[in-house]
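Engineer: Sequence first, predicted coordinates after that:
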Amino acid sequence: MSKKILVLAGDGVGPEITREAHKLLKALSDAGDLPLEIEVGAFGGAAIDQDGVPLPAASLALAREADAVLLGAVGGPKWEAIERARRPERGLLALRAELGVFANLRPAVLYPGLEAASTLRPEVVRGLDIMIVRELTGGIYFGEPRGIAENAEGEREGHNTLVYSEREIERICRVAFEIAAKRHGRVCSVDKANVLEATELWRTVATEVGADYPESRLSHMYVDNAAMQLARAPGQFDVMVTSNLFGDILSDLAAMLTGSIGMLPSASLDADGKGVYEAVHGSAPDIAGKGIANPLATLLSVAMMLRYSLNASGLAEQVEAAVSTVLKQGLRTADIMSSGCREVGTAEMGDAVIAAL
Ligand code: IPM
Ligand code: MG
């Protein structure tokens, strides 16, 4: 039985990088390793231009039917002036919420040879391998009430709500412990329990869940310290689990440790392993259409898709190995370029990975 994949290319560099992922998926499918049915849908700013909304009903319906969704990127200056509720980013948040993909896995891995691309010293980042587990469908991103309104003094006031239920915290912590069990067994739960009650509960529930995983080691860290530690000594982390907003921020920081945000894939999973896969980076409007964007984060997202939604971890490892091979060959997109390497564009990088498979 073939599996259904939906590709939502979106905006900016989205179409370029997902083109490479599409080629890779097709190559795997044509090789007979994994029969796939690949469909495409409108999403983000591109969908706003077509249908007036960032997540058209037709795209959502396709996403619900699919076994996995591959996302490009959304947003750009063109759509920044539209009312908030219809902006491209809202489409992304709606997709996450509608599909219930609460567990966002963002591995920050430094590939050998890319030490020089990081702004940190090679000895600080060498061998880096962190899994950030970010809660994705709750917290301050979705809490109500929210909005901008006039207060009693006639002044504009913006407000958002940070809310986490026990169940939401528990399920994301379980995901983190299950992943840690297959790694080094260390989970660092990141919160701001010294100030925010919602994350005080986070710490309590994380501790309770941790009791079910005696073979793992749980530690807690305040988010400000976690940011500092990531820049100071990132090698201390194995799995980090945290809330939606903290995870958003810390994963960008972790991305830079690996040399470029162009290297970081992600998986967003529901309770049954269905997932949305996307690069951690954004739509990069400044380089869109130039054919220079790094497709590796998206290709590595395909590897995560193979592992978590398509039950093909062997193929996932092959894709990851192909990326390593291509980097060892000295091929680099502009964002990870260093002396002695050969600079290539998006399509050439994609072709090289497929050839290395
Ligand atoms: C991410 C992005 C999104 C987020 C934006 C585009 C809504 O920054 O996936 O990290 O904040 O979650
Ligand atoms: Mg982000």
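Structural biologist: Yep, that arrived. Everything numeric here is computed off the predicted structure, so don't read it as measured data. Ligands and ions are numbered 1, 2, ... in the order given.
Engineer: drop to CA atoms for contacts and neighbour counts, all remaining ones
Structural biologist: Will do.
Engineer: Just the terminal-to-terminal distance for stretch 333-346.
Structural biologist: End-to-end distance for stretch 333-346: 7 Å, by CA to CA, to the nearest Å.
Engineer: Other residues contacting that stretch?
Structural biologist: With contact meaning CA atoms under 8 Å, 6 or more residues apart in numbering, stretch 333-346 is reached by 16-17, 20, 114, 116-117, 259-260, 262, 291-295, 330-332, 349.
Engineer: residues of that stretch that come out buried?
Structural biologist: By neighbour count on 16 or more other CA atoms under 10 Å, the buried set for stretch 333-346 is Thr333, Ala334, Asp335, Ile336, Met337, Ser338, Glu343, Val344, Gly345, Thr346.
Engineer: what do you get for stretch 214-228?
Structural biologist: Residues Ser216, Arg217, Leu218, His220, Met221, Val223, Ala226, Ala227 are the ones in stretch 214-228 that count as buried (16+ other CA under 10 Å).
Engineer: next one: stretch 90-102
Structural biologist: Across stretch 90-102, burial judged by 16+ other CA under 10 Å covers Arg90, Gly91, Leu92, Ala94, Leu95, Arg96, Leu99, Gly100, Val101, Phe102.
Engineer: Please report the distance of the fifth one from ligand 1.
Structural biologist: Looking back up the chat, that one is Leu95. Distance from Leu95 to ligand 1, counting by CA to the nearest ligand atom, to the nearest Å: 11 Å.
Engineer: for the last one, same thing?
Structural biologist: In this structure, Phe102 and ligand 1 are separated by 12 Å, where distance is defined by CA to the nearest ligand atom.
Engineer: could you list every residue that touches that residue?
Structural biologist: If you count contacts by CA under 8 Å, 6+ apart, Phe102 has them with Arg96, Glu135, Leu136, Thr137, Gly138, Ile172, Ser268, Leu269, Asp270.
Engineer: rerun at 10 Å
Structural biologist: By CA atoms under 10 Å, 6 or more residues apart in numbering, the contact list for Phe102 reads 96, 133-138, 168, 171-172, 175, 244, 268-271, 275.
Engineer: Narrow the buried residues of stretch 333-346 to those in helices?
Structural biologist: Thr346 (DSSP state H).
Engineer: Just the ones of the contacts of stretch 333-346 in helices?
Structural biologist: Judged by DSSP H, those include Glu16, Ile17, Glu20, Met349 as members of helices.
Engineer: Which of those sits closest to ligand 1?
Structural biologist: Nearest to ligand 1, judged by CA to the nearest ligand atom, of the ones in helices among the contacts of stretch 333-346 is Ile17 at 15.8 Å.
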